[in-house]
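Enquirer: what would the 3D arrangement of this be:
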Amino acid sequence: MKPGSSVSALYQKAPDASALLVLAHGAGAGMLHPFMTSVADLLAERGVSTLRFQFPYMEAGSKRPDRPATAHAAIRAAVQKAAKIAPALPLFAGGKSFGGRMTSQAQALEPLPNVRGLVFLGFPLHPAGKPSVERAAHLRDIDIPQLFLQGTRDALAEPALLRKVMKRLGKRATYRPVVQADHSFAVLVRSGRTNQEVLAELADVSSDWMRAVNSA
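Expert: The predicted structure is shown next:
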């Protein structure tokens, strides 16, 4: 993000909030995508405020994601803004897919001020059909707790490889497989669950985890 530039953001205050999550969107949809809105609404019901924001490319109407340095700068700006909006709330950061990975990269390069933990909603471990753990190498440079919520049908994170990454990270990582969900956290009808039930699971696990980190 260029000095002096700005992007849109949306602060959603939870009643009796116990934490504030800076929530970055995925590569193909902005902060107002139904997934992002639903997650923010469900987190608010569970006492977690959120700050969503647009990456510069999305703000400009482009389909090509920003280069990492630009994305990192946007995340840092959002974290700084969140700290000013609610300085008394414990601060967390993360996001959906691309947004989560860019947040982890930013944290690995230089810790995000006052951020206590990272929440990943579908960490994109590798491109579809190209299993690898290279994208996870920087996670070892992160000292704060990390929560991985990952669909068991996620084509961008082969479960066996993700478990390998979790083993390397040790106690810093918490892995929650979301049964029968894909990278978008959609489930098949035969799973016996609805997409809304999956979203509620994401909110339940995330809010409980943030409270646990705060009390540790």
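
Enquirer: give me the most central residue, the protein.
Expert: Centrality entry for the chain: nearest residue to the mean C-alpha point is Gly95, 2.0 Å, by C-alpha atoms, centre = their mean.

Enquirer: specify the local secondary structure of it.
Expert: Reduced to three states with DSSP: H, G, I helix; E, B strand; the rest coil, the structure at Gly95 is strand.

Enquirer: try Ser104
Expert: For Ser104, the secondary-structure state derived from three-state DSSP is helix.

Enquirer: thinking it is in contact with Gly117, fair?
Expert: No: shown here, Ser104 and Gly117 do not form a contact pair, counting by C-beta atoms under 8 Å, at 11.3 Å. Backbone N, C-alpha and C define where each C-beta goes, glycine included.

Enquirer: next one: phi and psi at Ile142?
Expert: Backbone geometry at Ile142, expressed as degrees, to the nearest 10, gives phi -100, psi 130.

Enquirer: what sits against it?
Expert: 104, 107-108, 118, 172 (C-beta atoms under 8 Å, 6 or more residues apart in numbering).

Enquirer: do the same with Leu188
Expert: Contacts of Leu188 were listed using C-beta under 8 Å, 6+ apart, and they are Gln180.

Enquirer: separation between it and Gln196?
Expert: Separation of Leu188 from Gln196 (C-beta to C-beta, to the nearest Å) stands at 15 Å.

Enquirer: buried residues in the helix ranked longest in the chain, which are they?
Expert: Among the elements of type helix in the chain, defined by DSSP state H, the one spanning the most residues is helix 195-215. Neighbour-count burial for helix 195-215 flags 195, 198-203, 205-207, 209-211, 213 (criterion: 16 or more other C-beta atoms under 10 Å).

Enquirer: can you pull out the helices in this structure?
Expert: Listed in chain order, the helices of the chain (DSSP H) span 34-45, 56-59, 68-85, 98-109, 159-169, 195-215.

Enquirer: most tightly surrounded among those helices?
Expert: Of all the helices of the chain, helix 98-109 has the most neighbours on average by mean count of other C-beta atoms under 10 Å, namely a mean of 23.

Enquirer: next, the angle from it to helix 68-85.
Expert: Taking axes from the mean of the first three to the mean of the last three C-alpha atoms, to 10 degrees, helix 98-109 and helix 68-85 form an angle of 90 degrees between their directions.

Enquirer: helix 98-109 packs against which elements?
Expert: Taking 3 or more C-beta pairs under 8 Å, 6 or more residues apart in numbering; DSSP states H and E as contact, the helices and strands that helix 98-109 lies on are strand 19-24, helix 68-85, strand 91-96, strand 115-121.

Enquirer: could I get those as TSV with distance to Leu139?
Expert: Shown next, in TSV, are those (distance: least, C-beta to C-beta, whole Å):
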stretch	distance to Leu139
strand 19-24	16
helix 68-85	15
strand 91-96	12
strand 115-121	9
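
Enquirer: relative to Phe53, which of the ones you listed is closest?
Expert: Counting by C-beta to C-beta, Phe53 lies closest to helix 68-85 out of those; the figure is 4.6 Å.

Enquirer: mind listing residues that contact that closest one?
Expert: Here helix 68-85 makes contact (C-beta under 8 Å, 6+ apart) with 1, 7, 9, 11, 20, 22, 24, 51, 53, 55-57, 65-66, 91, 93, 98, 102-103, 105-106, 109, 112-115.

Enquirer: got the CA coordinates for that helix in CSV?
Expert: Extracted in CSV, the C-alpha atoms of helix 68-85 (Å, rounded to 0.1, in the frame of the first residue of the first chain):
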residue,chain,number,x,y,z
PRO,A,68,2.9,-9.5,-0.8
ALA,A,69,4.6,-6.3,0.3
THR,A,70,1.5,-4.3,-0.6
ALA,A,71,-0.8,-6.8,1.1
HIS,A,72,1.4,-6.8,4.2
ALA,A,73,1.3,-3.0,4.4
ALA,A,74,-2.5,-3.0,4.3
ILE,A,75,-2.7,-5.6,7.1
ARG,A,76,-0.4,-3.5,9.3
ALA,A,77,-2.5,-0.5,8.7
ALA,A,78,-5.6,-2.4,9.6
VAL,A,79,-4.1,-3.7,12.8
GLN,A,80,-3.0,-0.2,13.8
LYS,A,81,-6.5,1.1,13.1
ALA,A,82,-8.1,-1.7,15.1
ALA,A,83,-5.8,-0.9,18.1
LYS,A,84,-7.0,2.7,18.0
ILE,A,85,-10.7,1.8,17.7
